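Chemist: Predicted model, plus sequence, below.
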Amino acid sequence: MSLRKVLSMFLVAGVVAFGTISCKSKVSDADLKAKVETAVNASPAVMVDVKDGVVTLTGTVGSEDERMALESSAKAADTKGVKSVINNITVQAPIEINTNDADLTAKIVDATKDFPTVKATVAGGVITVTGTLEQARVMVLKQSLDALNPKKVDMSALVVK
């Protein structure tokens, strides 16, 4: 065999080998996103985005441990496909529920001052609303009472016009 034929065969073999290695299939961003979403499905408040193998997690959780566990789950979803994880998940501070009836009663006076047809009472941290109110103003009242952080706001006895 001539040297030219041997070199040509090595060149062809090298090109074929390089082409086979470089054509190795990569996981698409859509497939990777589906895998990561399945891995973090325990937390519906978390959104997943994937671009070029970089996973971005956003949303809110109740603790730092949960935040870190979701990041670990995202990394483990596809160890070869996930290049990195950007964890933009925020930890929401727990809301303190106000169960002090005297405190709530004092705050209700201010919260309901613009609603003369409504009466609110407190028992066991639960605000019960009675009276009548226009449909357009119900949400404003509900938001102002929710801002007081009671156990519950019961508006079932409120008559909406």
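Modeler: Good, I have the coordinates. Numbers count the residues shown, from 1 in each chain.
Chemist: Quick one: residues in contact with stretch 49-68.
Modeler: For stretch 49-68, the surrounding residues in contact (C-beta atoms under 8 Å, 6 or more residues apart in numbering) are 26-27, 29-30, 32-33, 36, 40, 43, 45-48, 70-71, 74-75, 81-92, 94. Any C-beta I mention is one placed from the backbone N, CA and C, and that applies to glycine too.
Chemist: what about 7 Å?
Modeler: 29, 32-33, 36, 43, 45-48, 70-71, 74, 81-92 (C-beta atoms under 7 Å, 6 or more residues apart in numbering).
Chemist: Endpoints of that stretch, how far apart?
Modeler: 17 Å (C-alpha to C-alpha, to the nearest Å).
Chemist: Now do the buried residues in that stretch.
Modeler: Buried residues in stretch 49-68, counted by 16 or more other C-beta atoms under 10 Å: 50, 53, 55-57, 59, 61, 66-67.
Chemist: can you check stretch 107-116 too?
Modeler: For stretch 107-116, the neighbour count (16+ other C-beta under 10 Å) marks 107-108, 111-112, 115 as buried.
Chemist: quick one on the thing from earlier: output the buried residues of stretch 49-68 as JSON lines; include the columns distance to S144.
Modeler: Formatted as JSON lines, these follow (distance: C-beta to C-beta, whole Å):
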{"residue": "V50", "distance to S144": "41"}
{"residue": "G53", "distance to S144": "47"}
{"residue": "V55", "distance to S144": "40"}
{"residue": "T56", "distance to S144": "36"}
{"residue": "L57", "distance to S144": "34"}
{"residue": "G59", "distance to S144": "27"}
{"residue": "V61", "distance to S144": "28"}
{"residue": "E66", "distance to S144": "31"}
{"residue": "R67", "distance to S144": "32"}
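Chemist: In strands only, show me those residues.
Modeler: Judged by DSSP state E, strands contain the following of the buried residues of stretch 49-68: 50, 55-57, 59, 61.
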